[in-house]
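**Student:** Provide a 3D model corresponding to the input given below.
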Amino acid sequence: MKKVKLGEVCEILSGYAFKSSQFNDNKIGLPLIRIRDVERGFSDTYFEGTYSEEYLIKNGDLLITMDGSFILKKWEGDLALLNQRVCKIKITDKSVDEGYISWLIPKFLKEIEDKTPFVTVKHLSVAKIKDISFVLPNKLEQKLIAKKLNTISQIYDFRKIQSEKFNELVKSRFNEMFGDFYTTLFPKYKIGEKFEVSSGSTPSRDNKLYWDSGTINWVKTTEVINREITETEEKITKFALENTSLKLFPVDTILIAMYGQGQTRGRSAILKVESTSNQACGAIFPNKIDNPVFIWHQLMLRYSELRELGRGGNQPNLNGQLIKNFELIFPPLALQNEFADFVAQVDKSQFACEIAIKVWRNSLKFSII
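**Tutor:** The predicted model follows:
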């Protein structure tokens, strides 16, 4: 099998710097493909002016974004114009299969992206795209590889959809058993009326005695992502636990991300091992009279409401008092347990599904390409 460079078998056309003074959102002229439009497959920006036909993009053309994340995507929109910092890949060698390079190029783009230094935004050059070097088997073999990867991808996507449906199943069961929070007849209490609420802290990074060879779990908000926590990325020492304000939270403590970027604020997790946490995590200790799984799922289902509590001020954060004042419903323990048992059965099915997802993801990752 021969090795070739992308520039030897494809023509790379870089987009044109169309004048922004001729842009409009009134659908006058032709859509203009900018970086943000490549992945979503449509543009709401139009160009009213003269242009060269070489910059016309048709449905099915291969495009690469050249700023930020380097993505290859087949254009799935209407006839449009190719704007600057987006390029088109056109196969010029008949021995190259489009499906094959559509799987191949993203792997190399990711490698380039990871190695590209940046101050604000990463930039990709046409020269680097042309310089991508890869093995080119005969065309029949290329087609077989692409077909195999398409099949794996379809199974992977199906498994992901299946996993997401399990989450919907839990939500439906909750609503069926307990109804809407605002209309339910079950009693309501503030979290602080039923549970002890606390938070964590961060030992000084300068003191190695707090961190080196640590064995005690320490949770960050990036790990509070609607899941059970059985392990943490970082650990602190027994010395840190004994000589700082850190608290060791028991199993079944529910953690809430009180602040963080993106969608982090308001997310929750439940501890399945004793752990400490940083100060950005609010901790709801288990009590003896309520099922922690039921409480946790109620918090996840009401994520948006919990998140909204942090609105206002310069920094939209939650805090311990806001969490304490947040109301939940408290049906009889027997019903809480029944719901938790249902969740456990769903979790078993979802776990099996996620194992399958990992298998198919690895099949893609470690494929012949």
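
**Student:** mind giving me the domain ranges of the protein?
**Tutor:** 2-136, 137-166+332-369, 187-330 (automatic domain parsing).

**Student:** tell me the mean pLDDT for the second one?
**Tutor:** The one in question is domain 137-166+332-369. For domain 137-166+332-369, mean pLDDT is 81.

**Student:** Give me the distance between that domain and the centre of its chain.
**Tutor:** Centroid displacement of domain 137-166+332-369 relative to its chain, using Cα atoms, centre = their mean, to the nearest Å, is 16 Å.

**Student:** Just list whatever residues bridge to the residue nearest to R227 when sequence neighbours are not counted.
**Tutor:** Once flanking residues are discounted, R227 sits nearest to A269: 5.5 Å by Cβ to Cβ, 6 or more residues apart in numbering. For glycine as for every other residue, the C-beta is placed from the backbone atoms N, C-alpha and C. Beta-bridge partners of A269, counted by DSSP bridges, are L255.

**Student:** Show me the longest helix that occurs in this protein.
**Tutor:** Scanning the chain for the longest helix, with DSSP state H as the assignment, gives helix 139-178.

**Student:** so where's this protein uncertain?
**Tutor:** Applying pLDDT under 70 to the chain flags residues 261, 311-315, 353, 356-369.

**Student:** Apply 50 and report the result again.
**Tutor:** Low-confidence segments of the chain, defined by pLDDT under 50: 368-369.

**Student:** Could you dump the domains of the chain into CSV and include distance to D180 and mean neighbour count?
**Tutor:** Compiled in CSV, the domains of the chain are given as follows (distance: least, Cβ to Cβ, whole Å; neighbours: other Cβ atoms under 10 Å):
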stretch, distance to D180, mean neighbour count
domain 2-136, 34, 16
domain 137-166+332-369, 15, 15
domain 187-330, 10, 17
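
**Student:** For these, please prepare JSON lines with the additional fields distance to N175.
**Tutor:** Shown next, in JSON lines, are the domains of the chain (distance: least, Cβ to Cβ, whole Å):
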{"stretch": "domain 2-136", "distance to N175": "32"}
{"stretch": "domain 137-166+332-369", "distance to N175": "11"}
{"stretch": "domain 187-330", "distance to N175": "9"}
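
**Student:** which one of those domains lies closest to M177?
**Tutor:** Nearest to M177, of all the domains of the chain, is domain 137-166+332-369, at 5.8 Å by Cβ to Cβ.

**Student:** Between the two ends of stretch 111-119, what distance do you get?
**Tutor:** 18 Å (Cα to Cα, to the nearest Å).

**Student:** which residues are contacting that stretch?
**Tutor:** Applying Cβ atoms under 8 Å, 6 or more residues apart in numbering, the contact partners of stretch 111-119 are 69-70, 122-124, 128, 132.

**Student:** again, only this time at 7 Å
**Tutor:** Defining contact as Cβ atoms under 7 Å, 6 or more residues apart in numbering, one finds that stretch 111-119 is touched by 69-70, 122, 124, 128.

**Student:** And stretch 234-245, by the same measure?
**Tutor:** Residues from elsewhere that reach stretch 234-245 (Cβ under 7 Å, 6+ apart): 201, 203, 209-211, 213-218, 246, 248, 276.

**Student:** at 8 Å what do you get?
**Tutor:** Against stretch 234-245 from outside (Cβ under 8 Å, 6+ apart): 201, 203, 207, 209-218, 220, 246, 248, 276.

**Student:** And for stretch 12-29?
**Tutor:** Residues outside stretch 12-29 that contact it (Cβ under 8 Å, 6+ apart) are 6, 32-33, 44-49, 51-52, 54-55, 66, 81-90, 126, 129-130.

**Student:** quick one: which of the residues you listed sit in strands?
**Tutor:** Judged by DSSP state E, those include 32-33, 46-47, 81-82, 86-90 as members of strands.

**Student:** G260: which of the residues you listed is nearest?
**Tutor:** Taking Cβ to Cβ as the measure, G260 lies nearest V86 of the ones in strands among the contacts of stretch 12-29, at 32.0 Å.

**Student:** what's the spacing between the closest one and T65?
**Tutor:** Distance of V86 to T65, given as Cβ to Cβ, to the nearest Å: 6 Å.

**Student:** Now list whatever residues contact both of the two.
**Tutor:** Contacts common to V86 and T65, judged by Cβ under 8 Å, 6+ apart, are 35, 38.

**Student:** Give me the subset of the contacts of stretch 234-245 lying in strands.
**Tutor:** Cross-referencing those against strands under DSSP E gives 216-218, 276.

**Student:** can these go into JSON lines with extra columns for distance to D61?
**Tutor:** Formatted as JSON lines, those follow (distance: Cβ to Cβ, whole Å):
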{"residue": "I216", "distance to D61": "54"}
{"residue": "N217", "distance to D61": "50"}
{"residue": "W218", "distance to D61": "49"}
{"residue": "T276", "distance to D61": "53"}
